[in-house]
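1. build me a model:
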Amino acid sequence: MSGKIARLRKIFRPDGRALVAVLDHASGMGPMPGLVDPRVAVEKLIAGGADAIATSFGTAHKCADLLDHVGLILRVDGGVTALGDFSAGMKLLFTVEDALRIGADGVICMGYCGEGEAGNLPYLAELGSACQEWGMPLLAEMLVRVKGGGRGTDPKHVALAARIGAEYGADFIKTTYTGTPESFRMVTESCLGLPVLILGGEKMESDQDVLETVKGAIEGGGAGVAMGRNLWQHEHPDKITRAIAAILHEDASVEAALKLLR
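-> Now for the predicted structure:
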């Protein structure tokens, strides 16, 4: 258990919050704009204050020399593919031992509730057991899947998904923000006291939208973010990361954070 605590300290700051920059998209979507050369993105995100990098096996190797002072979370399943086919996430592609061999401080796996859960949740449970054995923190990305492939945001359903992740052995949860601090508190209070990080999803329309989402999640009891496109597809990835870090770790207002982008 002491090994797990030490690894979590590489991901979360002493304030109990974490800014995780997620760069695992290329494993399912290919060389997207912003990730053609992931080293460029990683350097800027770390410069902006990312606490940890969540990424796929190849990018973790490519950027190993950049990750000395931040946490590394390895994607061990297939994640989400470009065409919205979630079946790739229904198998484990790498093991906890693989993660240990590359020096990861945690692993991440999808957890679907609703459509696709029967094929996915057993793998999440298997991973939870292995992580417990090896002292490896598990980040469960718990999504509500609705018919046709959409992502549900109903607070009751998101809270259920997050709780299932906690019950299946996760040490922290990544899930969808439900739109308001009040509704999101239903999620954060349902997770057995585990930290809950919000995902970014599709790129948002404005910087203010991003920062207001982060602020709302924190006010609703969230412990940080695990975001991808809203960071590394930004015109200034380092600046938007710095602005989010100010909200998370300095309790900055949205207005103050926006000034860091100018």
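
2. what about the chain, any weak spots by pLDDT?
-> Scanning the chain for pLDDT under 70 picks out 1, 25-30, 33, 80-90, 115-119, 148-150.

3. mind checking the SS state of residue 141?
-> Three-state call for residue 141 (DSSP: H, G, I helix; E, B strand; the rest coil): strand.

4. contacting residues for it?
-> 108, 109, 110, 111, 174, 175, 199, 226 (Cβ atoms under 8 Å, 6 or more residues apart in numbering). Where C-beta positions appear, they are placed from N, C-alpha and C, glycine not excepted.

5. ok, these vs residue 159, which is closest?
-> Among the contacts of residue 141, residue 175 lies closest to residue 159 (Cβ to Cβ), at 9.0 Å.

6. relative to residue 222, how far out is that closest one?
-> 9 Å (Cβ to Cβ, to the nearest Å).

7. shared neighbours of these two, anything?
-> 196, 197, 198.

8. all helices for the stretch 1-150 of the chain, in order.
-> Along the stretch 1-150 of the chain, the segments classed as helices by DSSP state H, counting those that start in this stretch run 2-11, 26-29, 38-48, 57-62, 96-101, 117-134.

9. picking up where we left off before, so of the shared contacts of residue 175 and residue 222, which ones are in strands?
-> Judged by DSSP state E, strands contain the following of the shared contacts of residue 175 and residue 222: 196, 197, 198.

10. just give me the residue right at the centre of the chain.
-> residue 226 (3.1 Å; Cα atoms, centre = their mean).

11. did I read that right, that one in a helix?
-> No - under three-state DSSP, residue 226 sits outside any helix and is assigned strand.

12. which of the shared contacts of residue 175 and residue 222 has the most neighbours?
-> In terms of neighbour count, residue 196 stands highest of these at 28 neighbours, by other Cβ atoms under 10 Å.

13. quick check: it vs residue 5, distance?
-> In this view, residue 196 and residue 5 are 19 Å apart by Cβ to Cβ.

14. with residue 177 instead?
-> Separation of residue 177 from residue 5 (Cβ to Cβ): 28 Å.
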